[in-house]
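Chemist: Next come a sequence and a model predicted from it.
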Amino acid sequence: SSVSLQILFYVNGAYYIFYFLATLAMIVYKSQVFSYPDSFLAPDLALLFIMAILEALRLYLGSKGNLTEEEAPLGLSLVLTVGSALLCVYFLAWQTYVLQADVILGAILLFTYGLESVLEIAAIAAFVS
């Protein structure tokens, strides 16, 4: 198994908890300070919670696949990373109101997704051979 990938899964899990709480707090803040349309508030919150479920599943599968040196869970984790990255881009650029903090937090998360993807591909290649 890849030690660096396992460490990155752990760090990303801790960072995602911070990202989730900060994004949730910013959505609440934006709904109070700005004229946040009610028809956009519920979908933004729903997408954030869907992203949290995807992230938990992605990290579990990735960690399990890495520790057991199985390609299938790591591959599934890699596929879920694409979904999580798309949701991250939504919160980075396409949500109703985007603050500078959204951009910074999202950019850090996208960077970790990219790094994890490279390490996952390397681990899958090592496990196959």
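Modeler: Nice, thanks for sending it over.

Chemist: Now residue 35: which helix or strand?
Modeler: Using DSSP states H and E, residue 35 falls within no helix or strand.

Chemist: Model confidence for it, exactly?
Modeler: Residue 35 is assigned a predicted lDDT (pLDDT) of 88.

Chemist: gap between it and residue 97?
Modeler: 10 Å (C-beta to C-beta, to the nearest Å). Quick note: C-beta positions are derived from backbone N, CA and C, even for glycine.

Chemist: Looking only at neighbour counts, state which of these two leads.
Modeler: residue 97 (16 against 8; other C-beta atoms under 10 Å).

Chemist: Look up the closest residue to that one, ignoring the ones flanking it.
Modeler: Using C-beta to C-beta, 6 or more residues apart in numbering and skipping the chain neighbours, the partner closest in space to residue 97 is residue 30 (4.7 Å).

Chemist: Which positions in stretch 18-31 come out as buried?
Modeler: The neighbour-count check on stretch 18-31 (16 or more other C-beta atoms under 10 Å) flags 19, 20, 23, 26, 27, 30, 31 as buried.
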